[in-house]
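Q: just coords:
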Ligand SMILES: Cc1cc2nc3c(=O)[nH]c(=O)nc-3n(C[C@H](O)[C@H](O)[C@H](O)COP(=O)(O)O)c2cc1C
């Protein structure tokens, strides 16, 4: 199975949902980190909000941020970073809704042996960052992906007074959602994106060597 569509260069998919922009800011830093690795591109994609109104129809292109992800964006990715704001200690429904549409990728094993990671934003420091990251890890494992967090060789993990966990980068946005990414959060997001891209290159090579 090719890692990417024939006309594309290899890429890692940075797939996020963001309502107020904080998770999006993290996604953009991960994307910059991934794109810093030669031989691997970064593709930023988002998902539409979900609505209790059954007749609601979203515009095909969001008014801001990345364009909406397709299953093919995920199918052909060499790696995946999944980002969501914390919703009561869990990932947000729009991202879960998209993940719940990926059965055909699970059936075909399209994501097996590809690296994955997760990131999140909360309003409060102890508002459930790790549990949200773990909630995103679960479906990734079901898909057979290889989860990679952030190692403590990233020294910002030891010094941060805001976000940043070994399960994946996080951000504390504050109760008004107006706290920008701080120096450590920016550093960790960049490093996490770069690590994902490096692992994607290495695992892609190992899958190629097998065939
Ligand atoms: C329904 C709902 C539930 C939330 N639950 C939590 C929570 O459990 N812990 C927390 O710290 N923040 C919680 N928040 C706040 C968001 O996680 C926080 O504002 C986040 O930074 C928003 O990210 P965004 O700017 O990418 O949308 C919640 C917000 C909403 C709307």
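A: Ah, there it is. From a predicted model like this one, the values you see are computed outputs, not experimental measurements.
Q: ok, residue 44 - contacts?
A: Residues in contact with residue 44 (Cβ atoms under 8 Å, 6 or more residues apart in numbering) are 14, 16, 27, 28, 31, 66. Heads up, the C-betas are built off the backbone N, CA and C, glycines and all.
Q: make it 7 Å
A: 14, 27, 31, 66 (Cβ atoms under 7 Å, 6 or more residues apart in numbering).
Q: cool, residue 129 as well?
A: So, once contact is read as Cβ under 7 Å, 6+ apart, residue 129 ends up touching 86, 120, 122, 163, 165, 170.
Q: residue 31 too?
A: Residues counted as contacts of residue 31 (Cβ under 7 Å, 6+ apart) are 14, 42, 44, 193.
Q: look up which helix or strand the third one falls in, please.
A: Read it as residue 44. strand 41-46 (DSSP states H and E).
Q: count the neighbours of the residue of the chain found nearest the ligand for me.
A: Closest residue of the chain to the ligand, Cβ to the nearest ligand atom: residue 127 (2.0 Å). For residue 127, the neighbour count with other Cβ atoms under 10 Å is 18.
Q: how far away is the nearest residue to it once chain neighbours are set aside from residue 70?
A: Counting by Cβ to Cβ, 6 or more residues apart in numbering, residue 86 is the residue found nearest to residue 127 once chain neighbours are left out, at 5.8 Å. Separation of residue 86 from residue 70 (Cβ to Cβ, to the nearest Å): 26 Å.
Q: tell me which of those two has more neighbours.
A: residue 86 (24 against 11).
Q: so that one makes contact with residue 126?
A: No. Judged on Cβ atoms under 7 Å, residue 86 makes no contact with residue 126 at a distance of 10.8 Å.
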